[in-house]
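Q: give me the fold of what follows.
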Amino acid sequence: MKRYPAFDPPEYVDWEPDPGLVDEYRERTSADPRRREVLAGLERQDLLDLYRGLLRFRLHDITLQRWVRRGVISKAWLGTGEEATTVGAVHALNRDGRQGDYVGPMIRNAGACHEMGMPVADMLRGYLGSLDSPTEGRDLHVGDMDHGVVTPISMVSSLSTVMNGFALAFQRRGEDRVALTWVGDGATKHGEAHEALNFAAVRELPVIFVIQNNQVALGTRLDQHHGPEDFSEWGRAYGADLLEADGNHVLDMYAATRLAADRCRAGKGPVFLAAETFRMGGHATHDVEEARRTFPAELFERWGRRDPIGLYEEFLARGGVEDPVDPPETGREERKRIRSELEEIEEQVTRQVEEAAERALESRRERMPEGPEAEGGVFAEGSPGGTSGAAHGEGR
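A: The predicted model follows:
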């Protein structure tokens, strides 16, 4: 894909495929027999749709960075380097709006919104606070129940208990549906996360918890807040199944999530999915330099070589687009043809995101909420010295 020196992490700007990592990527698609079987069922269009999703996520984040540089917004929370953890998981679910599976993203999983069907323009409107944003200008955390997306909560682990509620409803109604949410490595230290994991395990709920280990909690390294090296034993601790996945490998995330969802649909949930990835920037756009001081440069370089989009692109070009589990050896001309097809897809997605950004900016110019509109759509409305409507059961 095209690289953006002003916005991409330095390790991505002159990215070239590491032959050893390309071989590992290829081998992982067939290493596990169960995951191999899942991936064998993917059609060519499915594989290209995953590529579209990764691009859409990266370009959505680059749009936000542009806006920060231009002073349109003050800062943004990005998923750069972690796109596969989100896109692979979402594509493995039943994306059928209100009748399908439900996801509860963290703000760093913004790609879940557009891959579940939300327009990118609506997501960007959320940052701009326009009246036609999903929250009507009240919050940059956006979701849409019509697309099966539960609006994120600022306290990132709090959504895990909410998603248990959806899973419990699915279970009690006997519905063949699954709830999925992401819990960051730092968020696992919150009490609500433990409550959610335990409750789900005790009630055998059809819910998937993706433990998204991006190695850092705000500015605290994993080794400073987590005793073990990883989360591989967390399933055993709660009495639940746990799968591990390469969070930078979109096909591994897809296969692991599909297996987890199948288990949940069979009444054998919950499933914890430990995904190893890395945050290639700051907690938000305002503290990138601080984040760079948190880890040694070598760690950024190592994970930079594992760009989830670059590696997937290389995998597809080397025959993966024809067969994801046993890719044929492609010659120079065939690789050139596939890369040309991928470039055309990138051009299409780029235009879509750019048009979405223009529509969002138009909303900022023409459809911003007026002050009195803040009083609508809330649970209570009160007056100075008076009693709120909620106290009388009149919340609206």
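Q: in terms of helices and strands, where is the closest residue to residue 111 other than its chain neighbours?
A: Leaving aside its chain neighbours, residue 111 sits nearest to residue 57 (3.4 Å; criterion: C-beta to C-beta, 6 or more residues apart in numbering). Bear in mind the C-beta positions are built from the backbone N, C-alpha and C, glycine included. Residue 57 is part of helix 44-70, with elements assigned from DSSP states H and E.
Q: show the subsequent helix or strand relative to that helix.
A: Using DSSP H and E, the helix or strand that follows helix 44-70 towards the C-terminus is helix 83-91.
Q: neighbouring contacts of stretch 134-152?
A: Identification of contacts with stretch 134-152 by C-beta atoms under 8 Å, 6 or more residues apart in numbering yields 95-98, 100-107, 109, 112-113, 116-118, 122-123, 125-127, 129-131, 133, 153-154, 159, 162-163, 166, 181, 368-369, 373-374, 377.
Q: hmm, try it at 6 Å
A: 97-98, 100, 102-107, 113, 116-118, 122-123, 126-127, 129-131, 369 (C-beta atoms under 6 Å, 6 or more residues apart in numbering).
Q: again, but for stretch 177-186
A: Taking C-beta under 6 Å, 6+ apart as the rule, stretch 177-186 contacts 101-104, 106, 109, 156, 159-160, 163, 166-167, 170, 193, 206-213, 217, 222, 261, 264.
Q: just how off-centre is the helix or strand where residue 300 lies within its chain?
A: Element membership of residue 300 [criterion: DSSP H and E] is helix 297-304. With C-alpha atoms, centre = their mean, to the nearest Å as the basis, helix 297-304 stands 21 Å off its chain's centre.
Q: do the same with stretch 360-371
A: The answer for stretch 360-371 is 27 Å, by C-alpha atoms, centre = their mean.
Q: next, residue 207: phi, psi?
A: Backbone torsions of residue 207, given as degrees, to the nearest 10, read phi -130, psi 140.
Q: now do residue 329
A: Dihedral angles (degrees, to the nearest 10) for residue 329: phi -70, psi 120.
Q: and it, how far from residue 317?
A: To residue 317, residue 329 is 12 Å away according to C-beta to C-beta, to the nearest Å.
Q: more neighbours: the two, which one.
A: residue 317 (22 against 7; other C-beta atoms under 10 Å).
Q: isn't there a helix covering that one?
A: Yes - residue state for residue 317 (DSSP: H, G, I helix; E, B strand; the rest coil) corresponds to a helix.
Q: what is the neighbour count of residue 5?
A: Neighbours of residue 5 (other C-beta under 10 Å): 9.
Q: again but with residue 232, I slipped
A: Residue 232 - counted by other C-beta under 10 Å - has 15 other residues nearby.
Q: tell me the pLDDT at it?
A: Note for residue 232: predicted pLDDT of 91.
Q: ok, it - contacts?
A: For residue 232, no contacting residues are found, by C-beta under 6 Å, 6+ apart.
Q: change it to 7 Å
A: 242, 244, 274 (C-beta atoms under 7 Å, 6 or more residues apart in numbering).
Q: in ChimeraX, how would I select the buried members of the contacts of stretch 134-152?
A: Filtering the contacts of stretch 134-152 down to the buried ones (16 or more other C-beta atoms under 10 Å) takes a single ChimeraX command:
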select :100,102,103,104,105,106,107,113,116,118,122,123,126,127,129,130,369
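Q: list the beta-bridge partners for residue 181.
A: Assessed by DSSP bridges, residue 181 has beta-bridge partners residue 104, residue 209.
Q: counting neighbours, what do you get for it?
A: That count, for residue 181 with other C-beta under 10 Å as the rule, works out to 30.
Q: now it: how far from residue 94?
A: 16 Å.
Q: the helices in the stretch 201-350 of the chain, which residues?
A: Assigned by DSSP state H, counting those that start in this stretch, the stretch 201-350 of the chain shows helices spanning 222-225, 234-238, 250-265, 288-294, 297-304, 308-315, 332-366.
Q: contacts for the fifth one, please.
A: Spelled out, that is helix 297-304. By C-beta under 7 Å, 6+ apart, helix 297-304 touches 9, 11-12, 81, 278, 280.
Q: point out where this structure drops to low pLDDT.
A: Flagging of the chain using pLDDT under 70 yields the residue ranges 380-396.
Q: can I assume residue 327 is in contact with residue 317?
A: No - Residue 327 is not in contact with residue 317 according to C-beta atoms under 7 Å; the separation is 9.8 Å.
Q: which residues do the two both contact?
A: Shared contacts of residue 327 and residue 317 (C-beta under 7 Å, 6+ apart): none.
Q: how many residues are close by the nearest residue to residue 2 once chain neighbours are set aside?
A: Using C-beta to C-beta, 6+ apart and skipping the chain neighbours, the partner closest in space to residue 2 is residue 346 (6.7 Å). Other residues lying near residue 346 total 18 when counted by other C-beta under 10 Å.
Q: now for residue 346: which residues touch it?
A: Neighbours of residue 346 in contact, by C-beta under 7 Å, 6+ apart: 1-2, 55.
Q: which one of those residues is nearest residue 26?
A: residue 1 (19.2 Å; C-beta to C-beta).
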